[in-house]
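Trainee: Using only what follows, build the 3D model:
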Amino acid sequence: MAESEAIFAPSSGKQLAQPAGISLNCFHCGLPVPAGTKYQAKVLGEDRPMCCQGCKAVAEAIVEGGMEDFYRYRTESSPQGHELVPRELESLRLYDREALQKSFVTRDGDKREAALILEGMTCPACVWLNERHVRALNGVIAFNINYSTQRALVQWDSAQIQLSDILQAITALGYSAHPFDAGRQEASAKRERTVALRRVGVAGLSMMQVMMLAIALYSGDFHGMDEDLRNYLRWASLLLTLPVMFYSASGFFISAWRELKIKRLGMDLPISLTLGLSFIASVWATVTQSGEVYFDTVTMFVFLLLTGRYLEMVARHKASAAADALVKLLPTIAARINEHGEEEMVPVIELCSGDR
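Mentor: Presented below is the predicted three-dimensional model:
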C-alpha cells in the first residue's frame, strides 16, 4: 500500500499508540499531528488523531451528517479544516486578536470570559442544544445561555481553544453568535420583530381569505354545490396557502431540517411534519378532485403558532430591556479609602474585596 493510502485508509484494528519519536498524521487532512496535541474524533468506529480543532470539528460534522463513508472511499487527503470553512466563518478568527478582545473579554491567566449575543434561537430547545454542543468542546470551562435576553456567558481556556472555535461551533449548528454590543443587540431585536410581524401578517391575511372560501365549501357540503365551482374554490385556497407555507412557515421547516442534520429532535420537527403532510394531502385532493382539503386548518395553525411566538418574543425583548435598564443604574465610579485614609475616585471594576 502506498504511503498516502496508508495515511488515509481506515484501519481494521484499534488506533495504535504513537511510537516514541514518530509523529502521527491527521486522519482528516494528512498533516503531521503536533507533539502534545490530543485532538481526536470518532470516525468509522475508532478514535482518529486530528491535528487541530478545525479538522476535528469538520470530521465530527461529516460523521454526524451521515457521510462517514467519505473517509472509506476517498483517495486523497481532505482540505484542512480552515479551507472547508466559508469565508464568513473564517472572518470569525479576527475575534482571536488581543487588540479586539480588550473591549469585551476579561482575563485571568489563560482563563477567558466573554458575553455573547446569540441569534436564531426560537425556543428553549435551542438553548439546550447550543449549551450541550459548546460545553462538549475541549477547553470550554462554562457556557450558559439566558433565553430571555438571548445572551450567553462563555468561559474558556485560551491554551486549549480559541474564541473563534467556539463561535464557529455555534455557527455550524445554524445559529449566529457575536460579542455582546448593546447597539447591535437592539438592531438585531428590531430586525427580528420586523421579520416576525411580517410573517404573522402574511399568515393572517391568507388565513382570513382561505377561511372565507372554506365556509363556502362547508356550505356546499350541506346545500349542494356545482363541482366546477368546488374545484375552483379549492384551487383558489391552494394558491392562497402557498405564501403561508413557503414564507410564513419557512422558519419551522428550516429549524426542523437543522434538527435532523444533527440528529436532535425539537419542537419544530413535529410542527413541520404536521404542516407538510396536511398540505401535501390537500394538494393531492385538489389535483385529483377527491377527498378533503385542509388549507384552512394549515393557515390557521401557522397563524396561531406565529402569533404565540411573536408575543413571546416581544415579552422576551421587554425583559431584556428591563435587565439592561437595571444594569445602567449601577455606578461606574466609586469612592475608595486608600492606605493613607484619603478618599479617591476609582472605576468600579478596580474594586477588590476588603476595599472601603
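Trainee: which helix of this structure spans the most residues?
Mentor: helix 182-223 (DSSP state H).
Trainee: where does this structure dip in pLDDT?
Mentor: 1-23, 36-37, 53-54, 58, 61-62, 65-91, 181-185, 262, 323-333, 346-351 (pLDDT under 70).
Trainee: Show the subsequent helix or strand relative to the longest helix of the chain.
Mentor: helix 227-243 (DSSP states H and E).
Trainee: Backbone torsions only: list them for residue 178.
Mentor: Main-chain dihedrals, residue 178, degrees, to the nearest 10: phi -160, psi 160.
Trainee: Determine the set of other helices and strands touching the longest helix of the chain.
Mentor: If you count contacts as 3 or more C-beta pairs under 8 Å, 6 or more residues apart in numbering; DSSP states H and E, helix 182-223 packs onto strand 111-119, helix 227-243, helix 295-329. C-beta coordinates here come from the backbone N, C-alpha and C atoms, glycine included.
Trainee: Select, out of these, the one closest to residue 43.
Mentor: Nearest of these to residue 43, taken as C-beta to C-beta: strand 111-119 at 29.2 Å.
Trainee: Using TSV, lay out the helices and strands packed on helix 182-223 together with mean neighbour count and distance to residue 204.
Mentor: Below are those laid out as TSV (neighbours: other C-beta atoms under 10 Å; distance: least, C-beta to C-beta, whole Å):
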stretch	mean neighbour count	distance to residue 204
strand 111-119	18	25
helix 227-243	16	11
helix 295-329	16	5
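Trainee: Out of the ones you listed, which gets nearest to residue 131?
Mentor: That would be strand 111-119 among those, by C-beta to C-beta, at 10.4 Å.
Trainee: Please name every helix or strand in contact with the closest one.
Mentor: Using 3+ C-beta pairs under 8 Å, 6+ apart, strand 111-119 is in contact with strand 105-108, strand 151-157, helix 163-172, strand 176-179, helix 182-223.
Trainee: Deepest-packed of the ones you listed, please.
Mentor: When those are scored by mean count of other C-beta atoms under 10 Å, the highest mean neighbour count falls to helix 163-172 (a mean of 22).
Trainee: hmm, who's touching that one?
Mentor: 53-54, 57, 61, 85, 89, 92-96, 101, 105, 112, 114, 116, 118, 130, 133-134, 137, 139-140, 143, 154, 156, 176-178 (C-beta atoms under 8 Å, 6 or more residues apart in numbering).
Trainee: thinking again about what came up before, mind putting the helices and strands packed on helix 182-223 into CSV with distance to residue 264?
Mentor: Shown next, in CSV, are the helices and strands packed on helix 182-223 (distance: least, C-beta to C-beta, whole Å):
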stretch, distance to residue 264
strand 111-119, 17
helix 227-243, 29
helix 295-329, 20
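Trainee: per the record, what domains does the chain have?
Mentor: 21-78, 86-180, 192-313 (the TED database).
Trainee: Turn these into JSON lines, including distance to residue 356.
Mentor: Shown next, in JSON lines, are those (distance: least, C-beta to C-beta, whole Å):
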{"stretch": "domain 21-78", "distance to residue 356": "46"}
{"stretch": "domain 86-180", "distance to residue 356": "24"}
{"stretch": "domain 192-313", "distance to residue 356": "45"}
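Trainee: and residue 344, which of the ones you listed is closest to it?
Mentor: domain 86-180 (23.2 Å).
Trainee: Which among the domains of the chain is found nearest to residue 343?
Mentor: Closest among those, using C-beta to C-beta: domain 86-180, at 27.1 Å.
Trainee: ok so, going back, of the domains of the chain, which is nearest residue 345?
Mentor: Of the domains of the chain, nearest to residue 345 by C-beta to C-beta is domain 86-180, at 22.0 Å.
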